[in-house]
Structure formats: C-alpha cells, structure tokens
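Visitor: Provided below are the primary sequence and the corresponding predicted coordinates.
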Amino acid sequence: MIIAATTENIESTLLKTFVRRIPVIISLPPLRERPVEERFELIKNFFEEESKRINRKIEVEKDAITALLNYDCLNNIGELKSDIQIACAKAYIRSMFGGDSLNVTLDDFNEKVKAGLLIASKTNIKN
C-alpha cells in the first residue's frame with residue numbers, strides 16, 4: 001500500500017503519471033478551508049501533545065489562539081504543528097527557572113502567525 005501527500009497541482013505531468021498508475025485519490029481541503037471548530041481541535045491537540053512530551057501544563061494566551069485560528073497557514077497542518085512546537089520551545093526556555101506551567105503568548109509566534117490577529121479583527125472570527 002502506498003500513501004502519499006502533496007501540495008502540488010494534481011494536473012502536473014509528474015502527478016498525472018502517478019494518478020494513471022494509482023487511480024485512487026483522496027482530496028482533503030486545505031486548512032484555511034476547514035471549519036474553525038476543526039482548526040481549533042487541531043490546535044488544542046498539538047498543544048496537548050507538547051504538554052505530554054515535556055510533562056508540563058501549557059497555558060495559551062487568548063490572542064495567540066485567535067491568531068492561530070486565523071493566520072494563513074500555507075503548508076497546512078505540518079506548518080501549524082511546527083509553529084506551535086517552536087512557540088512552546090520559546091515559552092519553555094523562558095520558564096526554565098520557575099513555575100510548573102508554560103505560558104505561551106502571542107510574542108512566542110512568528111510575524112505570519114501574529115498577522116492572524118489582524119485577520120481576526122477584520123473578519124470577526126475570534127475564539
């Protein structure tokens with residue numbers, strides 16, 4: 001069994017060759033086209049995974065969640081997970097000298113994620 005994923009155009013020459021040999025294609029909508037509830041569950045699960053991995057409670061600022069729900073995540077779920085992992089790592093370093101929990105703030109994210117807060121204010125999609 002072969003399972004593969006791509007963000008490439010299905011109509012490209014290389015992919016047409018694969019499609020001809022492997023006729024079953026499962027198309028999943030990009031993250032930006034999924035409901036807010038689904039995106040929130042993914043975000044929540046990624047923070048829970050990080051919490052278990054480092055064996056510490058993680059608290060996330062409301063603005064950070066709002067930004068994650070709304071930013072333009074071009075590389076889909078992998079990029080979302082990576083952005084959350086990096087933010088948790090920054091919060092972990094900041095909290096190394098005290099406290100039992102990590103406090104993840106909007107400042108722990110890159111500018112692309114932070115732009116999600118601006119998008120939320122324009123579209124009125126908040127947590």
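Guide: Received it, and whenever you're ready, just let me know what you need.

Visitor: residue contacts, the residue nearest the centre of the chain?
Guide: Residue closest to the average C-alpha location in the chain (CA atoms, centre = their mean): residue 80, at 1.8 Å. Applying CB atoms under 8 Å, 6 or more residues apart in numbering to residue 80 gives the contacts 31, 42, 43, 46, 68, 73. (C-beta placed from N, C-alpha, C; glycine too.)

Visitor: wait, the fourth one sits on residue 82?
Guide: Spelled out, that is residue 46. No. Look at residue 46 against residue 82 with CB atoms under 8 Å: they stay out of range, at 9.4 Å.

Visitor: Between those two, which has more neighbouring residues?
Guide: Neighbour totals were compared for residue 46 and residue 82, and residue 46 leads with 19 against 13 (other CB atoms under 10 Å).

Visitor: roughly how far apart are that one and residue 116?
Guide: 15 Å (CB to CB, to the nearest Å).

Visitor: Over to residue 67?
Guide: According to CB to CB, residue 67 stands 4 Å off from residue 116.

Visitor: Ok, residue 88 next?
Guide: Counting by CB to CB, the gap from residue 88 to residue 116 is 17 Å.

Visitor: Kindly report the same for residue 61.
Guide: Per CB to CB, residue 61 is found 13 Å from residue 116.

Visitor: Looking at those two, which has the bigger crowd around it?
Guide: Set residue 61 next to residue 116 and count neighbours by other CB under 10 Å: residue 116 wins out with 23 against 16.

Visitor: Just say helix, strand or coil for that one.
Guide: Taking DSSP: H, G, I helix; E, B strand; the rest coil as the rule, one finds residue 116 in the helix state.

Visitor: Any stretches of the protein with poor pLDDT?
Guide: For the chain, residues meeting the criterion pLDDT under 70 lie at 1-15, 18-19, 22-23, 98-99, 124-127.
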